[in-house]
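Chemist: sharing a model prediction with you, sequence too.
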Amino acid sequence: MAATSLVSVLASRLFRPAQSCCLRHRPFHLAAVRNEAVVISGKKLAQQIKQEVRQEVEEWVASGNKRPYLSVILVGENPASHSYVLNKTRAAADVEHIDERKICNAVSPDKDVDGFHVINVGRMCLDQYSMLPATPWGVWEIIKRTGIPTLGKNVVVAGRSKNVGMPIAMLLHTDGAHERPGGDATVTICHRYTPKEQLKKHTILADIVVSAAGVRKKAGYITPVPGGVGPMTVAMLMKNTIIAAKKLLRLEEREVLKSKELGVATN
């Protein structure tokens, strides 16, 4: 499933299609399309998040710290991956083609802003603080910032990829009271080997469907392509970058303090 084309669909059994008289009450990132689904503008939400990150970065630099920067390593020739990289090259440098299997775990977990390192994946699965993969985190932020409840709801995730399907399923079903709060939903993961009749049964029962297939006429809320999850992916990547920069500085400060303490003990 291509990260740039992921669509988050919220089924109509929970949310009625918007009526025109209610438009003035809607958040700026929501828009009604006739009597169909309410379109969630990931682009506008991403602008909001990037403004938050921009302010955080400026405060960080104003405090005397180095400005964070992002390096991108591109693996393979997948057009969707190239499109994703193109969208984040303003903050990236040193693009190379390297074997994916060799590089994922060679990156320091503290600098792994894509959340692909085995340590970050493991911590995410254990409901612990970690670098979250940008696309699933973007979907999660869309759901939260739109005010859509997940506690106790039935969710279908169509796709089991390690960088999108699996992480969003983890974020949606895990405990909301843990270190890394989850959505407390009941999640079913469907994939290419799920029989069509079973997929239909699961989606009929679902309150929320996360998929790359548009079902606008049956949905209460839906994200468009383009302008949906794609911009959110880039925004969350920027958020991960400033988080990583701050974490690395804290680690450096601890090392300096430890060295000073060892020096005093030796003398």
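Modeler: On my side now, so go ahead. Numbers count the residues shown, from 1 in each chain.
Chemist: quick one: low-confidence parts of the stretch 151-267 of the chain?
Modeler: Within the stretch 151-267 of the chain, the stretches with pLDDT under 70 are 212-214, 216-219, 264-267.
Chemist: which stretches in it count as strands?
Modeler: Secondary structure of the stretch 151-267 of the chain by DSSP state E, counting those that start in this stretch: the strands cover 154-158, 186-190, 208-211, 219-222.
Chemist: relative to residue 254, which of the ones you listed is closest?
Modeler: Closest to residue 254 of those, according to CB to CB: strand 186-190, at 37.5 Å. All C-beta atoms are positioned from the backbone trio N, CA, C, and that covers glycine.
Chemist: so the closest one versus strand 154-158, what angle?
Modeler: 20 degrees (axes from the mean of the first three to the mean of the last three CA atoms, to 10 degrees).
Chemist: now strand 186-190, how far from the centre of its chain.
Modeler: The chain centroid and the centroid of strand 186-190 are separated by 18 Å under CA atoms, centre = their mean, to the nearest Å.
Chemist: what sits up against that strand?
Modeler: 152-160, 165-166, 169, 172-173, 198-199, 202, 206 (CB atoms under 8 Å, 6 or more residues apart in numbering).
Chemist: next one: stretch 168-181
Modeler: Here stretch 168-181 makes contact (CB under 8 Å, 6+ apart) with 123-125, 127-130, 132, 135-137, 139-140, 150-151, 155, 157, 182-187, 189, 208, 210.
Chemist: and those, which are buried?
Modeler: Neighbour-count burial (16 or more other CB atoms under 10 Å) applied to those gives 123-124, 127, 130, 132, 135-137, 139-140, 150, 155, 157, 182-187, 189, 208, 210.
Chemist: and residue 121, how many neighbours?
Modeler: 24 (other CB atoms under 10 Å).
Chemist: equivalent analysis for residue 69, please.
Modeler: Neighbour count for residue 69, taken as other CB under 10 Å: 11.
Chemist: helix/strand/coil for it?
Modeler: Of the three states, residue 69 takes coil under DSSP: H, G, I helix; E, B strand; the rest coil.
Chemist: now stretch 229-246 - C-alpha only, PDB.
Modeler: What follows is stretch 229-246, C-alpha atoms only, in PDB (Å, rounded to 0.1, in the frame of the first residue of the first chain):
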ATOM      1  CA  VAL A 229      -2.600  11.700   4.500                       C
ATOM      2  CA  GLY A 230       0.300  12.600   2.200                       C
ATOM      3  CA  PRO A 231       0.800  16.100   3.700                       C
ATOM      4  CA  MET A 232       0.300  14.700   7.200                       C
ATOM      5  CA  THR A 233       3.100  12.200   6.600                       C
ATOM      6  CA  VAL A 234       5.600  15.000   5.800                       C
ATOM      7  CA  ALA A 235       4.300  17.100   8.800                       C
ATOM      8  CA  MET A 236       4.800  14.200  11.200                       C
ATOM      9  CA  LEU A 237       8.300  13.500   9.800                       C
ATOM     10  CA  MET A 238       9.200  17.100  10.600                       C
ATOM     11  CA  LYS A 239       7.800  16.700  14.100                       C
ATOM     12  CA  ASN A 240       9.900  13.500  14.600                       C
ATOM     13  CA  THR A 241      13.000  15.500  13.500                       C
ATOM     14  CA  ILE A 242      12.700  18.100  16.200                       C
ATOM     15  CA  ILE A 243      11.900  15.400  18.800                       C
ATOM     16  CA  ALA A 244      15.100  13.500  17.700                       C
ATOM     17  CA  ALA A 245      17.200  16.700  17.900                       C
ATOM     18  CA  LYS A 246      16.000  17.400  21.500                       C
END
